[in-house]
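[1] Let's see this in three dimensions:
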Amino acid sequence: MKTRSKLLISYKLLFALLGFAAVITEIAVISERGVFNAVNFLSYFTIQNNLIAVAALILGAVVMASGKQSKAIELFRGFATVFMVVVGIGFAILLAGVEGITLTAVPWDNTVLHYIMPVVIALDFLIDRPRTKFSFKKNLLWLLYPAVYFTYTMIRGAQTGWYPYPFLNPANNSLSSLIVTIAALFVLGVVLIWAVGRVAGRKSSK
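    Down below sits the predicted model:
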């Protein structure tokens, strides 16, 4: 195995471990405080996508170590990249400057989950580029995930009064503001799906 491949595998596994450790730390600290709610915890888009990113990094490392190619894993890595970057950009624009909002139990977790992991997964996709080309039209189906997520969040929020993010809470925003915010996130998703499609199928830099 080439040195470059070994380094990339180490990169994938190291940051997969870091991302997983951040999620587990969140669970441990919140549980210790006696306020852990598994459904609420897993209802955070950030948590869902960090777990997806961890899986994508591990699977990418396994495929690289095997020396084989898996289109399914390459597509999964693209999916993980799109929505982790949405997490990073969305947090920076919608939440980072909001005072009095605590979305993570431990400060370093916030840095890992919202800043480091989006950059890590994007760099991984750029450096270890999928060999097969992506279909932009087919990959637009990835938007079903956030569509289901927002639908679930709004329905559950109406029933429980709990929303994972303040910008999704109708009590904090007008209907028009809510629609514009969600629409903007979908547009970002479309742009990123197009972007990963442009990267896929092109040779990685040596």
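
[2] what comes up buried for stretch 13-22?
    Leu13, Phe15, Ala16, Leu18, Gly19, Phe20, Ala22 (16 or more other Cβ atoms under 10 Å). Every residue, glycine included, has its C-beta placed from N, CA and C.

[3] Output those residues in JSON lines; the columns should cover pLDDT, secondary structure and distance to Leu51.
    As requested, the buried residues of stretch 13-22 are exported to JSON lines (pLDDT from 0 to 100; DSSP: H, G, I helix; E, B strand; the rest coil; distance: Cβ to Cβ, whole Å):
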{"residue": "Leu13", "pLDDT": "97", "secondary structure": "helix", "distance to Leu51": "16"}
{"residue": "Phe15", "pLDDT": "98", "secondary structure": "helix", "distance to Leu51": "13"}
{"residue": "Ala16", "pLDDT": "98", "secondary structure": "helix", "distance to Leu51": "10"}
{"residue": "Leu18", "pLDDT": "97", "secondary structure": "helix", "distance to Leu51": "13"}
{"residue": "Gly19", "pLDDT": "97", "secondary structure": "helix", "distance to Leu51": "8"}
{"residue": "Phe20", "pLDDT": "97", "secondary structure": "helix", "distance to Leu51": "8"}
{"residue": "Ala22", "pLDDT": "96", "secondary structure": "helix", "distance to Leu51": "11"}
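
[4] Format these as a markdown table; extra columns: distance to Ala80.
    Below are the buried residues of stretch 13-22 laid out as a markdown table (distance: Cβ to Cβ, whole Å):
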| residue | distance to Ala80 |
| --- | --- |
| Leu13 | 15 |
| Phe15 | 12 |
| Ala16 | 11 |
| Leu18 | 15 |
| Gly19 | 11 |
| Phe20 | 14 |
| Ala22 | 16 |
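
[5] Tell me where this structure has helices.
    3-32, 38-42, 45-66, 71-94, 107-111, 117-127, 136-139, 144-160, 175-199 (DSSP state H).

[6] I'd like to know which elements the last one is packed against.
    Meaning helix 175-199. In terms of contacts (3 or more Cβ pairs under 8 Å, 6 or more residues apart in numbering; DSSP states H and E), helix 175-199 is packed against helix 71-94, helix 117-127, helix 136-139, helix 144-160.

[7] now for those, which one comes closest to Ile27?
    helix 117-127 (16.4 Å; Cβ to Cβ).

[8] Now Thr132. Nearest residue, chain neighbours left out?
    Excluding its sequence neighbours, the residue lying closest to Thr132 (Cβ to Cβ, 6 or more residues apart in numbering) is Lys71, at 5.1 Å.

[9] do you know how far that neighbour is from Gly78?
    Per Cβ to Cβ, to the nearest Å, Lys71 is found 10 Å from Gly78.
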